[in-house]
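Participant: the following comprises the amino acid sequence and a computationally predicted model.
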Amino acid sequence: MPCILSGIETANPIIGVFVANTKQIMRSGRHSPHYGPVASLCRALNGTAYIFSPQDINYRKQQISGLYFDRKRGQWMKKIYPFPHILYLQGGLEKLGPKELERFRLAVQSRKIRPVSSPLEFNKWEVYRILYGRGSLRQYLPETKLFRSADADLEPMLNRYGAVYLKACRGRRGEQVMRLALLPDKAYHCCYFNEKPVARKLKNFSQAVETIQGFFRHRGFVVQQPIDLIEYKGKKVDLRAEMQRNGQGALEILGIPVRIALENSPITTHALSYRFEKFFLEMMGYNEAALEVLRNNLSNLLYRIYQSLESRYGPLGEMGIDIGMDKKGNFWIIECNALSAMVSLGKAYEEKTVLRAFSNALDYALYKSRQQRSEKHKN
C-alpha cells in the first residue's frame, strides 16, 4: 500500500472520520463497517485515526471525544483527541441544526482542516435539474416534480403511474423516502423505513396527504415516477456505484454493489448486498460477454453523471450513485449521494476494497492540498 500521507506537513497526521452516531459503532464492535478501514489506516499511516460524531465535539475545550479500536480488549474505546488535520465525512451533517452546522463549518475553516471531499449534501431537486439540463441524460431520469400541492403535483402522478415515490430533497440512507400506491378499492398503501420497514393502508386521499405531511414535517420533497426494477426472488434490486477521485486526481469506479430490498421496504438501503459480478453471473445467469456489455454501458453512464455534477459543483472527491435497471434492461438514475458511508460496499466486497476507498479519499485530499500550495507559489 502506498504511503497515503506523503507530503503532508505534520509527521503524525490526525485523521478524523465523521459519522452520524458513534454509539451505534460501539454497540456493533468489530462488525462495524468502520472497524477494518480505521484500524488498518492507523497501522499504515503511523499516525492517528479516530471516529467521531456531532455529540463528541467540545468546542469550548477545542477537543473531541473520539473512538478507536483497542485490539487487545477487542472493543471500541473512547479517548480525548485534538481536532484532526484531515476530515473524512461519512455522514452526520444531516443531524446538525443550522446553527450547529455553521459552527462546525467555521471550526473546520479556522483550523484549516482538510476535508477529503466537499461537505456539500446534495439537494435531490437541484441534482435532478442539473442532470435534466444535460440532454443526453434525460432518458435515464424518472419523471420528477417538486411537491408544492397535493392536487397539482401528487394526485396527477398517482393517477398516471398508479404509485409514486416521495423523497425529501435533503436526506440520506432512505430515512425520508415513502412509496405511495393507489389500490383498486380507491384506498392507498404507503410504506417507508423507520428502523424497520413500515406498511400502512390509508382509506382515502385526505388521509394519505395527512400521513405524508406528518412524515416529512415541513421538509421539501419531490414526487417521482416509480421504476419497474428487476427483481430477485420477488424482491426489488438496484445498484450502488461508489466512485472516487484518487491521489492523481483520476476518477475511478471502486465497486458496484447490487442491493436486494428487504420485504415491504420501499428502498434497497439497509438491504442485502452482492458483488456486481457475482449477482449477474451466478444469480441472474448472465454469461461473460453479456456482463461485459452491461458493465461498459453502466460505466459510461456513471462517468457522465459524475462529470455533469462536477460541472456545477466543482471537483468532488467521491460520490455514491444509485442506479435502477428495469425489466427491459434500461438504466434509471435514482439518486446521487455526496456523502456515502460505503455500507453496501463493505457488505459486498472484501476489506481491502473498503480500505482502498479510505486511502483514495485521503490521497485525493493531499492531491488537492498540493495543487493549492502550487497555485499559491505561482501567485
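Facilitator: Alright, I've got the coordinates.

Participant: lowest average confidence across helices and strands of this structure, where is it?
Facilitator: helix 35-45 (a mean of 58; mean pLDDT, DSSP states H and E).

Participant: which non-adjacent residue is nearest residue 302?
Facilitator: residue 241 (5.1 Å; C-beta to C-beta, 6 or more residues apart in numbering). Quick note: C-beta positions are derived from backbone N, CA and C, even for glycine.

Participant: now do the contacts for the one you found.
Facilitator: 253, 255, 256, 298, 302, 320, 321, 322, 323 (C-beta atoms under 8 Å, 6 or more residues apart in numbering).

Participant: try residue 89
Facilitator: 18, 115, 116, 117, 119, 339.

Participant: of the residues you listed, which belong to strands?
Facilitator: Judged by DSSP state E, those include 18, 115 as members of strands.

Participant: among the contacts of residue 89, which one has the lowest pLDDT?
Facilitator: Across the contacts of residue 89, the smallest pLDDT goes to residue 119, namely 59.

Participant: what's the closest of the contacts of residue 89 to residue 87?
Facilitator: residue 115 (4.9 Å; C-beta to C-beta).

Participant: ok, that closest one touching residue 364?
Facilitator: No - counting by C-beta atoms under 8 Å, residue 115 sits too far from residue 364 to count as a contact (10.4 Å).

Participant: ranges for the helices of the stretch 151-300 of the chain?
Facilitator: Using DSSP state H, counting those that start in this stretch, the helices of the stretch 151-300 of the chain run over 155-161, 205-216, 276-278, 288-313.

Participant: quick one: closest of those helices to residue 352.
Facilitator: helix 276-278 (16.1 Å).

Participant: now stretch 177-196, how far from the centre of its chain.
Facilitator: How far stretch 177-196 lies from its chain's middle: 24 Å, per C-alpha atoms, centre = their mean, to the nearest Å.

Participant: can you give me the domain boundaries for the chain?
Facilitator: 14-115, 124-138+229-352, 144-224 (automatic domain parsing).

Participant: for the stretch 1-150 of the chain, which spans come out with low pLDDT?
Facilitator: 1-12, 29-47, 94, 118-120 (pLDDT under 70).

Participant: could you rerun that using 90?
Facilitator: For the stretch 1-150 of the chain, applying pLDDT under 90 flags the ranges 1-51, 54, 67-77, 85-102, 104-105, 107-122.

Participant: where exactly do the helices run in it?
Facilitator: For the stretch 1-150 of the chain, the helices defined by DSSP H, counting those that start in this stretch cover 22-28, 35-45, 98-110, 124-132.

Participant: dump those helices to JSON lines, plus distance to residue 360 and mean neighbour count.
Facilitator: Shown next, in JSON lines, are those (distance: least, C-beta to C-beta, whole Å; neighbours: other C-beta atoms under 10 Å):
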{"stretch": "helix 22-28", "distance to residue 360": "22", "mean neighbour count": "16"}
{"stretch": "helix 35-45", "distance to residue 360": "11", "mean neighbour count": "19"}
{"stretch": "helix 98-110", "distance to residue 360": "21", "mean neighbour count": "13"}
{"stretch": "helix 124-132", "distance to residue 360": "23", "mean neighbour count": "18"}
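
Participant: count the neighbours of residue 202 for me.
Facilitator: Residue 202 has 18 neighbours, counted by other C-beta atoms under 10 Å.

Participant: do residue 199 as well
Facilitator: Applying other C-beta under 10 Å, we find 13 residues neighbouring residue 199.

Participant: burial measure for residue 95, as a count.
Facilitator: Counted with other C-beta under 10 Å, residue 95 comes out at 14.

Participant: cool, and residue 200?
Facilitator: With other C-beta under 10 Å as criterion, residue 200 counts 12.

Participant: same deal with residue 223?
Facilitator: Neighbour count for residue 223, taken as other C-beta under 10 Å: 24.

Participant: got it, and the one 5 residues further on?
Facilitator: If you count neighbours by other C-beta under 10 Å, residue 228 ends up with 13.

Participant: one step back: could you dump the contacts of residue 241 to JSON lines with neighbour count?
Facilitator: Shown next, in JSON lines, are these (neighbours: other C-beta atoms under 10 Å):
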{"residue": "253", "neighbour count": "17"}
{"residue": "255", "neighbour count": "22"}
{"residue": "256", "neighbour count": "24"}
{"residue": "298", "neighbour count": "19"}
{"residue": "302", "neighbour count": "22"}
{"residue": "320", "neighbour count": "23"}
{"residue": "321", "neighbour count": "23"}
{"residue": "322", "neighbour count": "21"}
{"residue": "323", "neighbour count": "20"}
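
Participant: strands paired with the helix or strand where residue 322 lies, and their directions?
Facilitator: Per DSSP states H and E: residue 322 is located in strand 318-325. Here strand 318-325 has these sheet partners by DSSP bridges: strand 235-245 (antiparallel), strand 331-337 (antiparallel).

Participant: determine which stretch of the ones you listed is the most buried.
Facilitator: Of the strands paired with strand 318-325, the one with the most neighbours on average (mean count of other C-beta atoms under 10 Å) is strand 235-245, at a mean of 23.

Participant: if we can go back for a sec, next, format the helices of the stretch 1-150 of the chain as JSON lines and append distance to residue 344.
Facilitator: Converted to JSON lines, the helices of the stretch 1-150 of the chain look like this (distance: least, C-beta to C-beta, whole Å):
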{"stretch": "helix 22-28", "distance to residue 344": "16"}
{"stretch": "helix 35-45", "distance to residue 344": "15"}
{"stretch": "helix 98-110", "distance to residue 344": "26"}
{"stretch": "helix 124-132", "distance to residue 344": "19"}
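
Participant: out of these, which is closest to residue 311?
Facilitator: Of all the helices of the stretch 1-150 of the chain, it is helix 124-132 that lies closest to residue 311, at 8.0 Å by C-beta to C-beta.

Participant: quick one: stretch 48-59 to chain centroid distance?
Facilitator: Centre-to-centre, stretch 48-59 and its host chain are 20 Å apart (C-alpha atoms, centre = their mean).

Participant: may I see the buried residues of it?
Facilitator: Using 16 or more other C-beta atoms under 10 Å as the test for burial, stretch 48-59 gives 48, 49, 50, 51, 52, 53, 54, 56, 57.
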